[in-house]
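K.L.:
need the 3D shape of this:
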Amino acid sequence: MATIKRDIKYLNRDFSDFRNRLIEFSKTYFPNTYNDFSPASPGMMIIEQSSYVGDVLSFYLDNQFQENFIQFAQQTNNVYELSYMFGYKPKTTGVAQTTVDFYQQLPAKNVGGTIVPDYDYALTINENTIISSAAGGNTPFLLQDKIDFSFSSSQDPTEISIYQISGDSPQYYLLKKSRKTISSQINSQTFTFTTPENFTTIEINSSNIVKILDIIDSDGNVWYEVDHLGQEMIYKKIKNTNVNDPNNVLDSGEVPYLLSLEKVQRRFSTRFTSAGTLQIQFGSGTAIDNDEDIIPNPNNVGLGLLTQQSKLTSAYSPTNFLYTDTYGIAPSNTTLTVRYLTGGGVTSNVDANTLTSINTTNVNFNQINLNATTANYIFRSLSSNNPEAASGGRAGDTIEEIRQNTLALVSSQKRSVTADDYLVRALSMPSEYGAISKAFIEQPKLTDNQVSTIETLNLYCLTQNAQGHFSQPSNAVKQNLRTYLSQNRIIGDNIEIRDAFIINIAVNFEIIVLPEYNNNEVLLRCINLLIDYFSRDKWQLNQPILLRDIYINLDRIRGVQTVKNVKITNKAGTTMGYSQYSYDIDGATQNQVIYPSLDPSIFEVKFPQTDIKGKVVPL
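P.N.:
Numbers count the residues shown, from 1 in each chain. Just a heads-up that it's a prediction; the model follows:
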């Protein structure tokens, strides 16, 4: 029996199309078999059920196809996975950073007739010490580097002053050291492993996760974090001292640390699957695999390569000179202690002179057998203070920010070539170093007689303070950003990091309300619309104010008959809490557009509840 060729359409996408096509198909090819297409007939029940299944399958097919593209993906886990695939690491929080001054008193002693500080009573404050507000604030800050008051150098100076005099001689001295701190606290979690499993995966569930601090197993072995499990070589920093480098000159002030390459098999990689879940993955090897340290040299390049005929077409990673298939060791018969940092957010941008309480658990004297009374007095004299407000704290990346940052990172291929590449790198700085809220980059403006001899770019940045207002970044954030950009900077480029200007404004408007509407309700809707319109998240550096858009948006509010007037005014003066920079709004207005200044700046309604005012006027 010959096969009948059916005319099948493949363009149906929804329930109606499937239903109509099935009815047409039945009438065409089964005219004598079934011809009752009334809504209550059994045949129509089968046709509509088939159409329902086809519609659902079509929807899920479209949805799954859409989720394969970072531009259109909607599911959070898919957006995170796609961003990692393209090389972008989403940030779930942005930590604040500030410099904290530490003080301790030191007794005086007589050495050969000369009064000098007695450094036997010098204190040591170990790294990861917590500093917080004496008022009981919920934003602890973490000391990143160890403090030794008995040591002083050009890299780590100790300021000495006389604190108390007895007679004509000093009785106590005051020592001061400064360190960078970040708004984080240490959390710990343990995981027990028995038999080894390929690519074992564990998860940390917490809010505002900054990063993994360290992982140490029950045998004392350290596990190292890498970008991907195929990376066998890691960078380790070594303190630049005479013990490590006989040719070192510490006072040169150029190289405080030495970098070395080391091959490690106890390694792991991390990735966020959501804002509150950090996934940690280990390798597939076993503990009996080779675990020796290997220094890269030409004899190692290509070790394990399948073909030894030619290496001309082989691609090598600068961090992986070897070829293995273990991807690191899988933990087995051990317990891993995972320490990770949490913290950050806009509320971590604490004010100056607030970090005055030190957790003394990690504080100790360098010497033993000290006078107990004097030692207790010196220990209690330890204090701290932050002369500058912390800055850099912000919320984590939104889904749209992850999407846009990923797309921008793809074009640069992790190399900073164009001005936009540097802009993305600045906004992508790891959260433990602070976060840039707004950035703008441009070439310097030259006069008619100037000629640029160096490829210079000016990068203008802003951060946010504890109240969420725009503020200029601290020196610590700028230095971190400068160091971060240098890793991907083209050798001929020169990046100048500058402060952007903040122009605070107020908005006053007048509307005419339709007779049947309540004036107060309509006015409140208009104010809420303008608060949302001038939200800081929606404004960028050098973005002009389009008065026409404000008129149109207000006119769309239910109950508004006519927008009679909209007036933008400048608010300046530090005594009133505004920016110190005044701006001629009227002079900058042309054709219903208020342009920003020639130097990169941003318009900000700092206090929207009081700086946005409206009035209902008669027709």
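
K.L.:
show me where the stretch 1-150 of the chain has its strands.
P.N.:
For the stretch 1-150 of the chain, the strands defined by DSSP state E, counting those that start in this stretch cover 93-94, 97-111, 114-117, 123-125, 130-133, 141-143, 147-148.

K.L.:
sorry, slip of the keys, the one I care about is the stretch 501-619 of the chain.
P.N.:
For the stretch 501-619 of the chain, the strands defined by DSSP E, counting those that start in this stretch cover 501-513, 545-546, 560-570, 589-590, 593-594, 601-604, 612-616.

K.L.:
among the strands of the stretch 1-150 of the chain, which is nearest residue 489?
P.N.:
strand 97-111 (21.6 Å; C-beta to C-beta). The C-beta positions use only the backbone N, C-alpha and C, and glycine is treated the same way.

K.L.:
among the strands of the stretch 1-150 of the chain, show me which one is buried the most.
P.N.:
Highest mean neighbour count among the strands of the stretch 1-150 of the chain (mean count of other C-beta atoms under 10 Å): strand 93-94, with a mean of 30.

K.L.:
show me what that one is packed up against.
P.N.:
If you count contacts as 3 or more C-beta pairs under 8 Å, 6 or more residues apart in numbering; DSSP states H and E, strand 93-94 packs onto strand 394-395.

K.L.:
quick one: mean pLDDT for the strand it packs on?
P.N.:
Mean pLDDT, strand 394-395: 88.

K.L.:
if we can go back for a sec, can you add mean pLDDT and distance to residue 9 and give the strands of the stretch 1-150 of the chain back as a markdown table?
P.N.:
Shown next, in a markdown table, are these (pLDDT from 0 to 100; distance: least, C-beta to C-beta, whole Å):
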| stretch | mean pLDDT | distance to residue 9 |
| --- | --- | --- |
| strand 93-94 | 90 | 52 |
| strand 97-111 | 93 | 62 |
| strand 114-117 | 90 | 92 |
| strand 123-125 | 94 | 76 |
| strand 130-133 | 90 | 69 |
| strand 141-143 | 93 | 64 |
| strand 147-148 | 90 | 76 |
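
K.L.:
just so I know, which of those lies nearest residue 471?
P.N.:
strand 97-111 (12.1 Å).

K.L.:
what about residue 573, how many neighbours?
P.N.:
By other C-beta atoms under 10 Å, 11 other residues sit near residue 573.

K.L.:
so for the residue nearest to it when sequence neighbours are not counted, what's the pLDDT?
P.N.:
Closest residue to residue 573 apart from its sequence neighbours, by C-beta to C-beta, 6 or more residues apart in numbering: residue 580 at 7.4 Å. The score at residue 580 is 91. That number is its pLDDT.

K.L.:
got it, and residue 258?
P.N.:
pLDDT, residue 258: 50.

K.L.:
which residues in the stretch 351-500 of the chain form helices?
P.N.:
Under the criterion DSSP state H, counting those that start in this stretch, the stretch 351-500 of the chain contains helices at 372-380, 399-412, 419-427, 475-486.

K.L.:
mean neighbour count, the strands of the stretch 501-619 of the chain: which tops it?
P.N.:
Greatest burial across these, using mean count of other C-beta under 10 Å, falls to strand 601-604, with a mean of 22.

K.L.:
average pLDDT for that one?
P.N.:
94.

K.L.:
contacts for it, please.
P.N.:
Strand 601-604 is contacted by residues 438, 462, 469-470, 500-505, 534, 536, 539-543, 545, 579, 581, 583, 594, 596 when judged by C-beta atoms under 8 Å, 6 or more residues apart in numbering.

K.L.:
partner strands of that strand, with direction?
P.N.:
Sheet pairing for strand 601-604, assigned by DSSP bridges, gives strand 501-513 (parallel).

K.L.:
wait, residue 162 touches residue 170, no?
P.N.:
Yes: if you go by C-beta atoms under 8 Å, residue 162 and residue 170 touch, sitting 4.7 Å apart.

K.L.:
have a look at those two and say which one is more surrounded.
P.N.:
residue 170 (18 against 14).

K.L.:
quick check: that one touching residue 108?
P.N.:
Yes: between residue 170 and residue 108 there is a contact under C-beta under 8 Å: 4.8 Å.

K.L.:
shared neighbours of those two, which are they?
P.N.:
residue 115.

K.L.:
mind listing what's buried along stretch 372-380?
P.N.:
For stretch 372-380, a neighbour-count test (16 or more other C-beta atoms under 10 Å) marks 375, 378-379 as buried.

K.L.:
residue 353: what's it in contact with?
P.N.:
So residue 353 contacts 385-387 (C-beta under 8 Å, 6+ apart).

K.L.:
mind redoing it with 6 Å?
P.N.:
Contacts here follow C-beta atoms under 6 Å, 6 or more residues apart in numbering; on that basis residue 353 touches residue 385.

K.L.:
tell me the bridge partners for residue 176.
P.N.:
residue 103, residue 159.

K.L.:
hmm, it is touching residue 104, no?
P.N.:
No: using C-beta atoms under 6 Å as the test, residue 176 is too far from residue 104 to be in contact (8.5 Å).

K.L.:
follow-up on the earlier one: just name the most buried of the helices of the stretch 351-500 of the chain.
P.N.:
helix 419-427 (a mean of 20).

K.L.:
can you tell me what sits against it?
P.N.:
408-409, 412, 416, 436, 439, 441, 457, 485.

K.L.:
max pairwise distance over those: which two?
P.N.:
Most distant of those, by C-beta to C-beta, are 409 and 457, 18.2 Å apart.
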